[in-house]
Each structure stands twice: as C-alpha cells, then as structure tokens.
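*Asks:* no FASTA, just this:
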C-alpha cells in the first residue's frame, strides 16, 4: 500500500475578473465548520492509474481557478463578521491524496476520506480530495468541503464542473457565477417591512437571543449511534399511500396531500421519538416535557424558489439551505398508527408550503440581514428535537459525475463522521428509486430505534 499527499494550486489560464478581496458570509451561511462529504466509486479505468491521477490533478487545478473562493481563507473581523479572504496572500493549497491498495474494494470506509471527521480550523483548505485505487481496479474518489463555505448544491456544482473538465468538455461559463458575493436578496422580490422582530415574526425555527450564543445546544454534543435504512421504491409508494389522509377525513375532503418525502420524514421522526421515549434526557435545546410537542427542522435548497429560476444552474455559490421548522404533537409521534403519522406528514407539508414560498424566503433573508438581529453578531439561534436533510433530488452517481471512464456505480455521503443525535439524511439512487436514510439517535436509544415496528415495516437496516 502506498499513500502520497500532493498540493494543488489554481491555474492561471483564463484571466478572469478577480473575486472581492473579502467575501462576507451571509447569515444563512450559519453552518459550523463541519464537512460535507461525497465518496464516489468507479469501475476500473482503461487508462493507467498514473494517467487517471494526472488528469484529475490538472482538471481540479482548472476548476479551482474558476471557483476562487475554494482556495480562500476563512477569517473574522473585529465585529465578529466572518468572511472569505481571497487573493494570492490568502490562498490555501488544496490537499490531494493518492493511495494504491493491495486489497480489493469491499465498501465504503472512514479512511477513504481525505481528512478526519473533526471540526475544520480556519487554516484548513475549504476543499480536499483523495483518490484510492484498489487491487481489483475499483477507484474511489472522495471529496470533503467546509460547510461554512457551501451547501450540497454548490458542492455538487463544483464536483460536476471538475468532472466535466476531466472529461475534456468545453467549459460552460454560463454556469459559473460572475458575482461571488453572498447577497441572496438580489434573486428575490423586496420583502414586506417588519416593524418589530418578535416570536410572531421570527421565521421558524429561528429566534434572536439577548446575548450572543456561546456554543451549540447541549443535546447536539451527545454521542450518537449511526445507522442506515433502505427503502425500496415499492415500500416508499406504500408508505405514502398508508400515511395519506383517509378518504373520509376532513383533510382529504379539503384536498390536502403529502409527498413520499413527507411520509418518510414523518416515519423517521416518529421512530426516533419513540426510541427516545423517557430514557433520553431532555437537554438544553430540546422541547420541554411539559410542552407535549416536538420541534422538527428541515434543510431545503432555496435556489429553486427564486424568481424565474435565476438562482439555479450554478448562479449562486454558497449556502442557501433555507432551514424551516414545524412543531408537532408528541403523542402523534409516539403513536404507531398510520392516522397519527398522517397528521405529522400533513404538518410537514403545511410547513413546507408556507415557509418555502418566494415571499417567505425573502422575509427570512431580511431577518438575517437586519442589524436589529445581527448586531452584535451571534445572537441568532435555533434548536429542534429532530433535524432532517433531504438530498433525494440530487443525483449523486449520475453521468454529470463521470470523470472520463463512466459514471460512479455507487456514491455515499462518507463513512463515519460526526453527527448529532436526532438527525436524518435522506438520499436516493435514481437508477432503482431506492431511498436510503442515515439516522442518528442517542446511544441509549439505538436498540429501540432499530427494532421499531413501524420503521422496520417499510425499511430494512443496512449492515454496518
């Protein structure tokens, strides 16, 4: 087994206008400096390993020139405002690791990642990659990006750009931003003025505290057990049918409906809540026992909601996960009945419909930009009992990620990693329609989760 660590610098081929020397992060770039990972696995290449590596190195250097923020350094000014410092004096070289193994491919593993799962420091390069060649010929290409710089949408835009260059295709400059500033309001109509920000005007699940936040809620720091469940296309269809409003219900008569994603979110939230039961302590950040409710927060890509689709096709580089939240009945989540799960799914659909309109997102942007909320920095906070991320609309192993010798035969969000308890990440394999849900829960509740009768009715646990 051999391992080499290389450093990649952006090329200087295109004489493009430089980005601003300081790209200030927007309030929606509120992620901590954790990683988003993407591991892709390819069948053997017809060219040699050295030729594969050379092509990937050269194409990555070109991609980094075209997306200059990914070579920048994250800094903070005296007012606590974070920004990406660009320019040669702030350039961070990109780690590029190459490993050749004497063993065959058997599946994903933590050591395929280009870096460990810990929090990234400001001195860490925003992006890192690792190429692993197995004895059987399989090639793994693992990528890691700092979530403070981008969300999954922009991450995939960059990976697809890198892949298209590696395939030798002409660069489509129409899909590369000309404006690198984090100013999402330019894509949305002006919001209605807000006379005062209160619990009635805060966009869920956010609030503004009297003093800056000193750290994450305690419950997010608890070690979690991680597992993955598979849901076939047929089981997803059955799940949606079972959780849809009954034909004689008032909801059905009112024309209310749910998607398969709403049904899956309801199922997962219920399974975690039942597993926790009374055994998991309600630490800071969780709903109180007396409330009889649980808070659900879900990340959603707001680009698709912008006026005239002007924010899509790579036109906004950064984080634009417009987190939204709903409060649901704890009794409904604790129940194993489809009727209760249907009410939760309907609440999720209602929250999505109301909080992801163009007007609602414009209101959320205004909330994050209003000095009444941002000065001093660090007062905007949020918490939830259950946190969901749905990546199902993204094709993580499609032809746009072909590096020159065929598309990936499988892809993952990385093995291992640090996840908070009460978190779910959903992905879908487009070729089969199968959906996978990474689910985390406090370790004391893991056995209850894995044996939940409603969860296991529709999903099958994937062996670790």
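*Replies:* Yep, that arrived. None of the values given here were measured: they were computed from a predicted structure. Numbering: from 1, shown residues only.
*Asks:* what domains does the record give for this structure?
*Replies:* With automatic domain parsing as the criterion, the domains of the chain are listed as 2-182, 206-462.
*Asks:* near residue 38, how many residues? Count them for me, please.
*Replies:* Residue 38: 24 surrounding residues under other C-beta atoms under 10 Å. C-beta here means a position set from N, CA and C on the backbone, and glycine is covered the same way.
*Asks:* what helix or strand is it on?
*Replies:* Per DSSP states H and E: residue 38 is located in strand 35-42.
*Asks:* what's the answer for residue 265, then?
*Replies:* Following DSSP H and E, one finds residue 265 within helix 260-276.
*Asks:* contacting residues around residue 61?
*Replies:* 8-11 (C-beta atoms under 8 Å, 6 or more residues apart in numbering).
*Asks:* now swap in residue 443 and tell me
*Replies:* Residue 443 is in contact with 223-225, counting by C-beta under 8 Å, 6+ apart.
*Asks:* okay if I get the residues you listed as CSV plus distance to residue 236 and neighbour count?
*Replies:* Shown next, in CSV, are the contacts of residue 443 (distance: C-beta to C-beta, whole Å; neighbours: other C-beta atoms under 10 Å):
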residue, distance to residue 236, neighbour count
223, 30, 11
224, 25, 19
225, 24, 18
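*Asks:* looking at those residues, which gets the smallest pLDDT?
*Replies:* On pLDDT alone, residue 223 ranks lowest of the contacts of residue 443, at 87.
*Asks:* what sits closest to that residue if chain neighbours are left out?
*Replies:* residue 443 (5.9 Å; C-beta to C-beta, 6 or more residues apart in numbering).
*Asks:* for residue 214, see how far away the one you found is.
*Replies:* As judged by C-beta to C-beta, to the nearest Å, residue 443 and residue 214 stand 26 Å apart.
*Asks:* tell me where the model's unsure across the chain.
*Replies:* 1, 415-417 (pLDDT under 70).
*Asks:* can you tell me how far the most centrally placed residue in it is from residue 394?
*Replies:* By C-alpha atoms, centre = their mean, the chain has its centre lying nearest to residue 152, at 5.0 Å. Per C-beta to C-beta, residue 152 is found 7 Å from residue 394.
*Asks:* can you list contacts of stretch 256-267?
*Replies:* 231, 236-237, 239-240, 242-245, 296, 298, 341-342, 344-346, 348-349, 352, 388, 390, 392, 424, 426, 435, 437, 454-455, 458-459.
*Asks:* which of the residues you listed count as buried?
*Replies:* With burial judged by 16 or more other C-beta atoms under 10 Å, the buried subset of those is 231, 236, 239-240, 242-245, 296, 298, 341-342, 344-346, 348-349, 352, 388, 390, 392, 424, 426, 435, 437, 454-455, 458-459.
*Asks:* how much space between residue 200 and residue 207?
*Replies:* Distance, residue 200 to residue 207, by C-beta to C-beta: 11 Å.
*Asks:* the two: who's more crowded?
*Replies:* The residue with more neighbours, out of residue 200 and residue 207, is residue 207; 16 against 6, by other C-beta under 10 Å.
*Asks:* so where do the helices sit in this structure?
*Replies:* 49-66, 152-166, 233-243, 250-253, 260-276, 330-334, 338-355, 358-369, 371-374, 446-450, 453-458 (DSSP state H).
*Asks:* just give me the neighbour total for the nearest residue to residue 4 once chain neighbours are set aside.
*Replies:* Spatially, and ignoring its direct neighbours in sequence, residue 4 is nearest to residue 98 (4.7 Å; C-beta to C-beta, 6+ apart). Residue 98 sits with 20 neighbouring residues when counted by other C-beta under 10 Å.
*Asks:* from residue 58, how far off is residue 98?
*Replies:* Counting by C-beta to C-beta, the gap from residue 98 to residue 58 is 14 Å.
*Asks:* swap in residue 449?
*Replies:* Counting by C-beta to C-beta, the gap from residue 449 to residue 58 is 46 Å.
*Asks:* who has more neighbours, the two?
*Replies:* Using other C-beta under 10 Å as the criterion, residue 449 and residue 58 rank with residue 449 on top: 23 against 14.
*Asks:* surely that one and residue 273 touch.
*Replies:* No. Residue 449 is not in contact with residue 273 according to C-beta atoms under 8 Å; the separation is 10.0 Å.
*Asks:* what's stretch 198-214 in contact with?
*Replies:* Stretch 198-214 has contacts (C-beta under 8 Å, 6+ apart) with 80, 194, 197, 295, 297, 323-327, 351, 355, 360, 363-364, 367, 372-373, 376-384.
*Asks:* for that stretch, list every residue counted as buried.
*Replies:* Judged by neighbour count using 16+ other C-beta under 10 Å, the buried positions of stretch 198-214 are 202-208.
*Asks:* restricted to strands, list the residues you listed.
*Replies:* 206-208 (DSSP state E).
*Asks:* redo those as a markdown table? Include distance to residue 319.
*Replies:* Formatted as a markdown table, those follow (distance: C-beta to C-beta, whole Å):
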| residue | distance to residue 319 |
| --- | --- |
| 206 | 15 |
| 207 | 20 |
| 208 | 20 |
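*Asks:* cheers, nothing more for now.
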